[in-house]
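In: Return atomic coordinates for the entry below.
(one chain, ligands or ions: 2)
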Amino acid sequence: MSIDTEKLDLRRRMRSLRLIADQKHGPEAAVALIPLFMAQLDALGFRAGSVVAGYWPIATEIDIRPLLARLESRGAVCALPVVVEAGAALQFRRWALIEDLEDGPHGTRQPMAAAPIVRPQIVLVPLLAFDAEGGRLGQGGGYYDRTLAALRADGPVTAIGVGYALQERAQLPMTATDQRLDWILTEDAMRQVGP
Ligand SMILES: Nc1nc2c(c(=O)[nH]1)N(C=O)[C@@H](CNc1ccc(C(=O)N[C@@H](CCC(=O)O)C(=O)O)cc1)CN2
Ligand SMILES: Nc1ncnc2c1ncn2[C@@H]1O[C@H](COP(=O)(O)OP(=O)(O)OP(=O)(O)O)[C@@H](O)[C@H]1O
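Out: Ligands and ions are numbered 1, 2, ... in the order given. Prediction:
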């Protein structure tokens, strides 16, 4: 099987698996993320004014909005990704949780065009699957790979993959452009990962 076919097949199976976790304990898992993340604020170098990029969950992605709300109350500047064009890196625009959003592609919601562009120090990355070495399988657009590559070329950034514990795989197929995650956050634990 080619690596692309392998990823395609794994995406399909991971979508069904993620649905099970989401239906079983989606809301509890969303809340469980909060203390696990807050315990690592110092290790992450977080301070009031730090820019944290989240995502607006689509389909059965784990819901990080309760975590973003807590971080905002601690002084974080929150941001959400904006798809500029297919094949390009994502942009991040500032988003206070009380502010309106507009529809983006693939069922995403994104900050209004007037919201300022910001550079996040911490990026919460959505995923279909992850492994213990920071490998990640996303939706297949390559958006986060291009985005993390661009951010890393420009200075320090911490990429935290967020998902349900059952989204962990033994070893994901990786290609040259795949960007690794620095941390993994699930409803069970938050841990540093790497090759
Ligand atoms: N919540 C969220 N926001 C995000 C992403 C993401 O993965 N999740 N993206 C990451 O790149 C970017 C948007 N790109 C995307 C590219 C493809 C699909 C996609 O194929 N979605 C499926 C339905 C989702 C599912 O069933 O899991 C589809 O449209 O068929 C989604 C988003 C930026 N914002
Ligand atoms: N830095 C990059 N520059 C150019 N193309 C890239 C880069 N990173 C990834 N790509 C391309 O994007 C496509 C999709 O990559 P991949 O299958 O790894 O997506 P993904 O990480 O699962 O998706 P996403 O990040 O959007 O959730 C591939 O064809 C890959 O070659």
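In: Longest helix in the chain, by number of residues?
Out: As assigned by DSSP state H, the longest helix anywhere in the chain is helix 3-38.
In: what helices or strands is the helix or strand just after that one leaning on?
Out: Where DSSP states H and E defines the elements, the next helix or strand beyond helix 3-38 is strand 51-53. Applying 3 or more Cβ pairs under 8 Å, 6 or more residues apart in numbering; DSSP states H and E, one finds that strand 51-53 makes contact with strand 77-82, strand 91-94, strand 122-126. (Glycine included, C-beta is placed from N, CA and C.)
In: Mind checking if strand 51-53 is in reach of ligand 2?
Out: No. Judged by Cβ under 6 Å from any ligand atom, strand 51-53 and ligand 2 are separated, with a smallest distance of 13.3 Å.
In: which neighbours does that strand have in its sheet, and in what orientation?
Out: strand 77-82 (parallel), strand 122-126 (parallel) (DSSP bridges).
In: Can you give the contact residues for it?
Out: 46, 68, 71, 76-81, 92, 94, 118-124 (Cβ atoms under 8 Å, 6 or more residues apart in numbering).
In: check the residues you listed against ligand 1, which are close?
Out: Filtering those for neighbours of ligand 1 using Cβ under 6 Å from any ligand atom leaves Pro81.
In: Narrow the contacts of strand 51-53 to just the buried residues.
Out: With burial judged by 16 or more other Cβ atoms under 10 Å, the buried subset of the contacts of strand 51-53 is 46, 68, 71, 76-81, 92, 94, 118, 120-124.
In: re the thing from before, could you dump the helices and strands packed on strand 51-53 to JSON lines with distance to Arg152 and mean pLDDT?
Out: Listed next are the helices and strands packed on strand 51-53 as JSON lines, based on distance: least, Cβ to Cβ, whole Å; pLDDT from 0 to 100:
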{"stretch": "strand 77-82", "distance to Arg152": "16", "mean pLDDT": "98"}
{"stretch": "strand 91-94", "distance to Arg152": "14", "mean pLDDT": "98"}
{"stretch": "strand 122-126", "distance to Arg152": "10", "mean pLDDT": "99"}
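In: For Gly155, find the nearest of the ones you listed.
Out: For the helices and strands packed on strand 51-53, proximity to Gly155 was assessed by Cβ to Cβ; strand 122-126 is nearest, at 12.6 Å.
In: So what's the gap between the closest one and the chain middle?
Out: 3 Å (Cα atoms, centre = their mean, to the nearest Å).
In: which residues touch the helix or strand just after that strand?
Out: Moving toward the C-terminus from strand 122-126, the next helix or strand (DSSP H and E) is strand 129-130. Residues from elsewhere that reach strand 129-130, judged by Cβ under 8 Å, 6+ apart: 10, 14, 136-137, 161, 163, 167-169, 172, 181, 184, 193.
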